[in-house]
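Enquirer: give me a model of this one.
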Amino acid sequence: MAAFVLTPFSTTQVNAYTPPLGREALAGVASPTPCASCWPCRTPPPIREALARAGAVFIGKAIEGEEEKEWAISNGKKIDLLSGRVRFSVEWVFNGVKRSEAIVATLDDYCIGFGPFTKGERYLLYARGSENQGFFVEPCSRSERISSAGEDLKILSSLSPKTCGVRLYGMVGYATGIKITATDAQGHKLEAVSKVGHFEIEGVRANVEYRVEAHFQGHRP
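Expert: Below is the predicted model:
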């Protein structure tokens, strides 16, 4: 018997989309030159896949950051760029945030982090992490200024709880016919059977914790 605890939108032994490293420049803001080892994000994941991979997806306004830097943009105006641990006012939640504010950290390495954020700007963020530890945004996550996120907002707003992108899947070696169960705190159980090691359990719900068990013949679950 193998047991572990999962929450939807997390992964354990799962096949995850691995984008090329890189980040598109913020619209209207001069961006630093990417390091030589970076590749631009030319093909972000589909919207539903990005939602399934994210720990939180929400619309928020950047309020303040550990570091603020004034930056001149092309029309001669100046904006304030926020970096470090940036505080967001949460305006709308699609998944993963219960509080009215969220902390999103920017990373110093241009190759692996999204940011800085413009003070007062509204963003659609596909974030990794948690409310307690803080979030961060990968460069190829579909995160974008709200003014450029029309396609994502249309799809995200239309998704019902049954189609919101929650997936629970993984591997149990390379065996076929192993029963996998996922049980929530109320004892409701979902099942799947592995095929060449792979399994996917259908019917999982967002923001519900499951205990996942693999039932091997001759062993007690």
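
Enquirer: excluding sequence neighbours, find me the nearest residue to residue 103.
Expert: Using CB to CB, 6 or more residues apart in numbering and skipping the chain neighbours, the partner closest in space to residue 103 is residue 134 (4.3 Å). Bear in mind the C-beta positions are built from the backbone N, C-alpha and C, glycine included.

Enquirer: cool, and residue 117?
Expert: Distances taken as CB to CB, 6+ apart put residue 62 closest to residue 117, at 4.1 Å, once the chain neighbours are dropped.

Enquirer: which positions within the lengthiest helix in the chain qualify as buried?
Expert: Determined from DSSP state H, the single longest helix within the chain is helix 150-158. The neighbour-count check on helix 150-158 (16 or more other CB atoms under 10 Å) flags 152, 153, 156 as buried.

Enquirer: of those residues, which one scores lowest on pLDDT?
Expert: Least confident entry in the buried residues of helix 150-158, by pLDDT: residue 156, with 90.

Enquirer: domain-wise, how is this structure divided?
Expert: 2-6+165-215, 47-159 (automatic domain parsing).

Enquirer: comparing those, which comes out most buried?
Expert: Among the domains of the chain, ranked by average contacts under mean count of other CB atoms under 10 Å, first place goes to domain 47-159 (a mean of 18).

Enquirer: circling back: is the residue nearest to residue 117 in a bridge, and if so with what?
Expert: Taking DSSP bridges, one obtains residue 88 as the residues bridged to residue 62.

Enquirer: list the contacts of it.
Expert: 82, 86, 87, 88, 117, 118, 119, 120, 121, 122, 123 (CB atoms under 8 Å, 6 or more residues apart in numbering).

Enquirer: those residues in helices, which ones?
Expert: Among those, none falls in helices (DSSP H).

Enquirer: turn the residues you listed into a markdown table, columns for distance to residue 177 and pLDDT.
Expert: Shown next, in a markdown table, are those (distance: CB to CB, whole Å; pLDDT from 0 to 100):
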| residue | distance to residue 177 | pLDDT |
| --- | --- | --- |
| 82 | 53 | 92 |
| 86 | 49 | 94 |
| 87 | 50 | 95 |
| 88 | 47 | 95 |
| 117 | 49 | 92 |
| 118 | 54 | 92 |
| 119 | 56 | 94 |
| 120 | 57 | 94 |
| 121 | 52 | 94 |
| 122 | 50 | 95 |
| 123 | 46 | 95 |
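
Enquirer: between the residues you listed, which sits nearest residue 74?
Expert: residue 118 (13.8 Å; CB to CB).

Enquirer: the most centrally placed residue in the chain - nearest residue in space that isn't next to it in sequence?
Expert: Closest to where the C-alpha atoms of the chain average out (CA atoms, centre = their mean) is residue 54, at 1.5 Å. If the residues on either side of it in the chain are set aside, residue 54 comes closest to residue 126, at 4.2 Å by CB to CB, 6+ apart.

Enquirer: strands of the protein, residue ranges please.
Expert: Taking DSSP state E as the criterion, the chain contains strands spanning 2-6, 56-72, 78-95, 101-105, 117-118, 122-130, 134-136, 144-145, 168-171, 179-183, 189-193, 198-201, 210-215.
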